[in-house]
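>>> A predicted structure for the sequence below; I have some questions about it.
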Amino acid sequence: MENEVFDIIERVAETDEFRENLNMDLFEEAILDSMKAIMLIVELEGAFDITLPPSEMDRENWNTANKIVLRVKEKLNEK
């Protein structure tokens, strides 16, 4: 599941740079911006059949690849 999340991030961000450091701040490093963040939410929702309301997606809570994986896991466990 983690690799699938990483693959989605890579596809949306058009880079695999974050894979070297899964705790890298994706917004600070300009890997994600607000448009790519919305694209990422849509991709993750479709891939995992979950709902990620933008109101719950505060940047500090999902600014790294590891945090995104945790958030997806949380949503999957709520099902």
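On my side now, so go ahead. Numbering: from 1, shown residues only.
>>> tell me where the protein has helices.
Per DSSP state H, the chain carries helices over the ranges 2-13, 34-48, 65-78.
>>> can I get the ones you listed in TSV including mean pLDDT, mean neighbour count and distance to residue 20?
Placement of C-beta: from N, CA and C, glycine included. As requested, those are arranged in TSV below (pLDDT from 0 to 100; neighbours: other Cβ atoms under 10 Å; distance: least, Cβ to Cβ, whole Å):
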stretch	mean pLDDT	mean neighbour count	distance to residue 20
helix 2-13	98	17	12
helix 34-48	95	16	19
helix 65-78	96	16	10
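>>> columns distance to residue 55 on top of the ones you listed, output as TSV?
Shown next, in TSV, are these (distance: least, Cβ to Cβ, whole Å):
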stretch	distance to residue 55
helix 2-13	20
helix 34-48	11
helix 65-78	13
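>>> out of those, which comes closest to residue 21?
helix 65-78 (8.6 Å; Cβ to Cβ).
>>> most centrally placed residue in the protein?
With distances taken as Cα atoms, centre = their mean, residue 68 lies nearest the centre of the chain, 4.2 Å away.
>>> contacts only, for it.
Contacts for residue 68 (Cβ atoms under 8 Å, 6 or more residues apart in numbering) come out as 5, 9, 40, 44, 62.
>>> try residue 64
18, 22-26.
>>> out of the residues you listed, what pair is the most spread apart?
Checking those with Cβ to Cβ, the most distant pair is 22 and 25, at 11.2 Å.
>>> picking up where we left off before, most neighbours among the contacts of residue 64, which one?
residue 26 (24 neighbours; other Cβ atoms under 10 Å).
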